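# could you work out the structure for the sequence below:
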Amino acid sequence: MKTSSIIKTSLVALVASSALLAGQLYAVDSADAKVKTEQTCKKGNKRHGPQDGMQRMLRKLDLTDAQKEQVNAIVEKYKADRPERPTKEQREAQREAQRTEMLALVTSASFDEAKATEMAEAQHQKKLQGMLSHLKMQNEIYQLLTPEQQVQFQEKFAKGKGHKSRR
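Presented below is the predicted three-dimensional model:
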């Protein structure tokens, strides 16, 4: 009888200590997860894409204060020329309308090639206009650079050609 009570007591103590240790381990893991999440959020604020590359390259060219002001003026000019961005609700409504149109195309008895072409061309035109505007802005900025800075820019641009996309 005494041995069974000792075994029961030991078993209860073992289970209780396991529960306490597990709680401590979980607390450490969740603290690490919180730190990782905060670091990810900080990284999430960074901009990625073509503009980020241009900005980094310009930082490496040691622009004068006058050049920096001119670059900012050009960027602001192109921002003002951009159409106003729709609200989140408007964007979601546009996406839903596109999905509905695409579903209608896919599920119809006969494929309407003219409608599909129209949809694709509309999306292509929107992207094309954005890209043209962006390239014009970059060209204007490039023209502000001194000949030495332009050579440096070209070297850095050529060096970056072999890099993989971040996506």
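
# use CA for all of it now, contacts and neighbours both
OK.

# quick one: low-confidence parts of the chain?
1-53, 161-167 (pLDDT under 70).

# can you get me a residue count around Leu145?
Residues lying near Leu145 (other C-alpha atoms under 10 Å) number 19.

# enumerate every residue touching it.
If a contact means C-alpha atoms under 8 Å, 6 or more residues apart in numbering, then Leu145 has 63, 67 as its contacts.

# one more: Ala109?
Residues near Ala109 by C-alpha under 8 Å, 6+ apart: none.

# now do the helices in the protein.
Using DSSP state H, the helices of the chain run over residues 2-44, 50-59, 65-81, 88-107, 113-144, 147-159.

# what's the domain layout of this protein?
What the record gives for the chain is the domain set 1-46, 64-144, from automatic domain parsing.

# how close does Gln94 get to Arg82?
Between Gln94 and Arg82 the computed distance is 19 Å (C-alpha to C-alpha, to the nearest Å).

# for stretch 120-138, list every residue counted as buried.
137-138 (16 or more other C-alpha atoms under 10 Å).

# dump it to PDB, restricted to CA.
Taking Å, rounded to 0.1, in the frame of the first residue of the first chain, the C-alpha atoms of stretch 120-138 are listed here in PDB:
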ATOM      1  CA  ALA A 120      -6.900  41.300 -71.300                       C
ATOM      2  CA  GLU A 121      -6.200  44.400 -73.300                       C
ATOM      3  CA  ALA A 122      -7.700  46.600 -70.600                       C
ATOM      4  CA  GLN A 123      -5.500  45.100 -68.000                       C
ATOM      5  CA  HIS A 124      -2.500  45.300 -70.300                       C
ATOM      6  CA  GLN A 125      -3.200  49.000 -71.100                       C
ATOM      7  CA  LYS A 126      -3.300  49.900 -67.400                       C
ATOM      8  CA  LYS A 127       0.000  48.200 -66.700                       C
ATOM      9  CA  LEU A 128       1.600  49.700 -69.800                       C
ATOM     10  CA  GLN A 129       0.600  53.300 -68.800                       C
ATOM     11  CA  GLY A 130       2.000  52.800 -65.300                       C
ATOM     12  CA  MET A 131       5.300  51.400 -66.700                       C
ATOM     13  CA  LEU A 132       5.700  54.200 -69.300                       C
ATOM     14  CA  SER A 133       5.100  56.800 -66.600                       C
ATOM     15  CA  HIS A 134       7.700  55.200 -64.300                       C
ATOM     16  CA  LEU A 135      10.300  54.900 -67.100                       C
ATOM     17  CA  LYS A 136       9.800  58.600 -68.000                       C
ATOM     18  CA  MET A 137      10.300  59.600 -64.400                       C
ATOM     19  CA  GLN A 138      13.500  57.500 -64.200                       C
END
